[in-house]
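Enquirer: Model the following, please.
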Amino acid sequence: MKRFILDPSFLELFPQSRIGVLVCKGIDNHIKEEERYAPWLWECEKLSSVYTGNPEFTENETIRNWRDAFYRFKTKKGARCSIEALLKRVSKGGEIGCINPLVDLYNGISLKYGMPVGGEDIDKFEGDVRLTLAEGGESFITYGSDKDEPALPGEVIYKDDAGAICRCWNWRESVRTMLTEDVKNAFMIIETVQGEFPERLEGALDELAAKIEAELGGSVEKFIVDKANPQIEIG
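Expert: A predicted model of the protein is given here:
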């Protein structure tokens with residue numbers, strides 16, 4: 001049985017962090033209609049403006065919160081939180097294109113709720129998954145590259161027995177475990193640094209779970225992982 005674990009090294013650095021998790025089983029992520037979620041993504045892009053009202057982009061609460069978190073651990077130069085990247089793109093007039101149903105759904109939720117959201121293919125994990133501080137050298141190849149770019153010592157990463165799954169907490173994910181149309185069992189995460197915005201976290205989890213079950217079928221189980229409950233079974 002595979003588990004998701006908040007490692008003591010991570011909890012020592014971020015003891016108040018709360019991670020929302022959805023374990024999705026038996027879903028169908030094949031594209032049935034091109035651009036099906038484009039109108040919903042556009043609506044979420046409009047709603048995301050509430051998180052970028054300050055003209056000084058880095059002083060918006062959502063951005064500042066994650067920037068401050070990234071200053072507390074070793075990162076690759078230029079690495080930024082996933083929600084910062086999404087909000088910056090949209091605030092400059094860019095659009096979030098459709099990729100596949102599950103990715104489209106979580107990108108919309110990320111924009112709507114102003115939180116980092118991600119997902120991986122459970123069946124591609126090798127052993128348990130840990131949110132931890134890297135020892136350094138954990139293998140990592142991201143989408144669009146064939147170059148191994150190992151994690152840095154002290155970097156916050158998700159990793160399994162085969163290497164890093166996501167670098168710099170939620171900056172870039174590994175091509176090895178990424179969500180494709182063929183995923184059947186998915187591990188979805190919504191992250192907070194200090195347990196901030198608990199109602200927003202619950203709302204994001206509930207809406208994403210409902211959309212996955214309605215659109216992709218299967219079953220979805222919801223968890224909150226934190227210092228009091230640092231590990232769960234995921235498959």
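
Enquirer: Just the strands from the chain, written as ranges.
Expert: Under the criterion DSSP state E, the chain contains strands at 3-6, 19-25, 117-121, 129-133, 156-160, 163-167, 172-173, 186-191, 219-225, 231-233.

Enquirer: Using JSON lines, lay out those strands together with distance to Thr180 and mean pLDDT.
Expert: Any C-beta I mention is one placed from the backbone N, CA and C, and that applies to glycine too. Shown next, in JSON lines, are those (distance: least, C-beta to C-beta, whole Å; pLDDT from 0 to 100):
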{"stretch": "strand 3-6", "distance to Thr180": "20", "mean pLDDT": "98"}
{"stretch": "strand 19-25", "distance to Thr180": "14", "mean pLDDT": "98"}
{"stretch": "strand 117-121", "distance to Thr180": "7", "mean pLDDT": "98"}
{"stretch": "strand 129-133", "distance to Thr180": "18", "mean pLDDT": "98"}
{"stretch": "strand 156-160", "distance to Thr180": "17", "mean pLDDT": "98"}
{"stretch": "strand 163-167", "distance to Thr180": "15", "mean pLDDT": "98"}
{"stretch": "strand 172-173", "distance to Thr180": "12", "mean pLDDT": "95"}
{"stretch": "strand 186-191", "distance to Thr180": "10", "mean pLDDT": "98"}
{"stretch": "strand 219-225", "distance to Thr180": "19", "mean pLDDT": "98"}
{"stretch": "strand 231-233", "distance to Thr180": "24", "mean pLDDT": "98"}
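
Enquirer: Looking at those strands, spot the one closest to Glu61.
Expert: Among the strands of the chain, strand 186-191 comes nearest to Glu61, with 15.4 Å by C-beta to C-beta.

Enquirer: next one: that closest one to chain centre, how far?
Expert: Centroid separation between strand 186-191 and its chain, computed with C-alpha atoms, centre = their mean, to the nearest Å, is 6 Å.

Enquirer: May I have it as CSV, with CA atoms only?
Expert: Output of strand 186-191 as CSV, limited to C-alpha atoms (Å, rounded to 0.1, in the frame of the first residue of the first chain):
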residue,chain,number,x,y,z
ALA,A,186,-4.8,10.3,-9.5
PHE,A,187,-3.3,12.1,-6.5
MET,A,188,-4.5,15.7,-6.3
ILE,A,189,-3.1,18.2,-3.8
ILE,A,190,-4.0,21.8,-2.7
GLU,A,191,-1.4,23.4,-0.5
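
Enquirer: got TSV for the strands of the chain, with distance to Glu45 too?
Expert: Shown next, in TSV, are the strands of the chain (distance: least, C-beta to C-beta, whole Å):
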stretch	distance to Glu45
strand 3-6	30
strand 19-25	22
strand 117-121	15
strand 129-133	28
strand 156-160	27
strand 163-167	24
strand 172-173	22
strand 186-191	18
strand 219-225	25
strand 231-233	32
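
Enquirer: can you redo those strands as a markdown table with mean neighbour count?
Expert: Shown next, in a markdown table, are those (neighbours: other C-beta atoms under 10 Å):
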| stretch | mean neighbour count |
| --- | --- |
| strand 3-6 | 19 |
| strand 19-25 | 21 |
| strand 117-121 | 23 |
| strand 129-133 | 22 |
| strand 156-160 | 25 |
| strand 163-167 | 24 |
| strand 172-173 | 20 |
| strand 186-191 | 24 |
| strand 219-225 | 16 |
| strand 231-233 | 15 |
